[in-house]
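[1] give me a model of this one.
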Amino acid sequence: MDEKGEAATDRYAEGTARGGKLSSLLTLVFVVMLLALTVRTFAFSLFTIPSESMMPRLMPGDTIAAKKWPFGYSSNSLPFDLPLIPGRWLSAPPERGDIVIFKHPVDGTDYIKRVIGLPGDEVELRDGYVLLNGQLLSQAGSDDAIVPVSPNSPCAWGGREEARPAGGADCRYRRNREYLPSGVSYEVIDYGRTAQDNWGPRTVPEGTMFVLGDNRDNSMDSRFPAVPGGGVGFVGQDRLVGQAGAVLWSTDGSGRWLNPGTWFTGMRRDRTGQPL
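    Have a look, this model is predicted:
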């Protein structure tokens, strides 16, 4: 073979090698994307808490992992709500006290609340206390919730702001522990008397659930009609996305993308890894 033939052969071999490397890279990217999609659909999804409605358990700026398997799978489980899963597979109802992520009944945005009532339950709120099937959910007084004031958690109207001697400020909220008949308990925040302290009684329709925010006076939940960006009414269980699992990390909002040094100073390290 002459020199020209050898050069052509070398170029062909190099091209084949480059093509093989590109093919391997594309295969790797495809496998990684498929794995990520599988995890996102059937195992976990990440959600960032945008509001104070679930304080004190969840704070604005918390990023949580939501477990997908407890309530089954539907198109709500898929990225961009792709309509690839007909109906709901392996469906299971939530339990009272579960913190759930669901799609808003009207605008489809992700909401997170606590399940209080299930189908057939009669739910009423009277002076801020919940009555479930005629039984008052008892509340025990607890220490005030102390929330550091930050861009992600300003002091709301129901709190009392207190300056720290070393600088900065905290917001103090009245906190109680509420008990379900099953013995499950959780902390709630009460700002004082508001219009939504009295509601019902109403019976939870079949296939739905009654949900409340733990921050009772700062939550758009089942006490309010379902409207875009607002209340949710009774929520169909087919709207469920997952169950809150753990806080993966949390930020107070003081970090700036263009200043990497603030990425860590704004982290709420005491909240990282907290199970829900």
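[2] pLDDT below threshold where in this structure?
    1-44, 77-87, 89-90 (pLDDT under 70).
[3] break it down into its structural domains.
    Here the domain assignment for the chain is 1-42, 43-271, based on automatic domain parsing.
[4] how distant is the longest strand along the chain from the center of its chain?
    Assignment by DSSP state E gives strand 240-250 as the longest strand of the chain. Strand 240-250 sits 5 Å away from the centroid of its parent chain (CA atoms, centre = their mean, to the nearest Å).
[5] ok, and for it, which residues are buried?
    240, 241, 242, 243, 244, 245, 247, 248, 249, 250 (16 or more other CB atoms under 10 Å). No exception for glycine: its C-beta is placed from N, CA and C like everyone else's.
[6] between the residues you listed, which is nearest residue 61?
    Within the buried residues of strand 240-250, the smallest distance to residue 61 is 5.5 Å, found for residue 250 (CB to CB).
[7] can you show me the helices along the protein?
    Secondary structure of the chain (DSSP state H): helices at 3-42, 262-265.
[8] which residues does residue 268 contact?
    Contact analysis of residue 268 by CB atoms under 8 Å, 6 or more residues apart in numbering lists 59, 61, 250, 251, 252.
[9] who are the contact partners of the last one?
    Just to be clear, that refers to residue 252. Contacts of residue 252 by CB under 8 Å, 6+ apart are 61, 148, 150, 151, 152, 153, 266, 267, 268.
[10] I'd like to know how far it sits from residue 270.
    Residue 252 sits 11 Å away from residue 270, going by CB to CB, to the nearest Å.
[11] list the contacts of residue 241.
    Residue 241 neighbours (CB under 8 Å, 6+ apart): 45, 66, 68, 76, 77, 100, 101, 102, 103, 110.
[12] again with residue 98
    So residue 98 contacts 70, 114, 115, 243 (CB under 8 Å, 6+ apart).
[13] so the first one touches residue 245, yeah?
    No. Counting by CB atoms under 8 Å, residue 70 sits too far from residue 245 to count as a contact (9.4 Å).
[14] hey, C-alpha coordinates of stretch 138-151 in CSV?
    Extracted as CSV, the C-alpha positions of stretch 138-151 are listed here (Å, rounded to 0.1, in the frame of the first residue of the first chain):
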residue,chain,number,x,y,z
SER,A,138,-56.6,18.9,71.5
GLN,A,139,-53.8,21.3,71.5
ALA,A,140,-51.1,21.6,74.2
GLY,A,141,-49.1,24.8,74.7
SER,A,142,-45.5,24.7,73.6
ASP,A,143,-42.5,27.1,73.7
ASP,A,144,-42.8,29.9,71.2
ALA,A,145,-41.3,29.2,67.7
ILE,A,146,-38.2,31.4,67.3
VAL,A,147,-37.5,32.1,63.6
PRO,A,148,-34.4,34.1,62.5
VAL,A,149,-35.5,37.1,60.4
SER,A,150,-34.0,36.8,56.9
PRO,A,151,-35.0,37.5,53.3
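[15] what does it rub up against?
    For stretch 138-151, contacts defined as CB under 8 Å, 6+ apart pick out 55-56, 59, 61, 129, 153, 155, 159, 161, 168-179, 187-189, 252-254, 266.
[16] any of those buried? List them.
    By 16+ other CB under 10 Å, these give 55-56, 59, 61, 129, 153, 155, 159, 170-171, 173-176, 178-179, 187-189, 252, 266 as buried.
[17] which of those residues fall within strands?
    129, 170, 171, 173, 175, 176, 178, 179, 187, 188, 189.
[18] contacting residues around the spatially closest residue to residue 200 that is not a sequence neighbour?
    Nearest non-adjacent residue to residue 200, counting by CB to CB, 6 or more residues apart in numbering: residue 124, 3.9 Å away. By CB under 8 Å, 6+ apart, the contact set of residue 124 is 130, 131, 199, 200, 201, 202.
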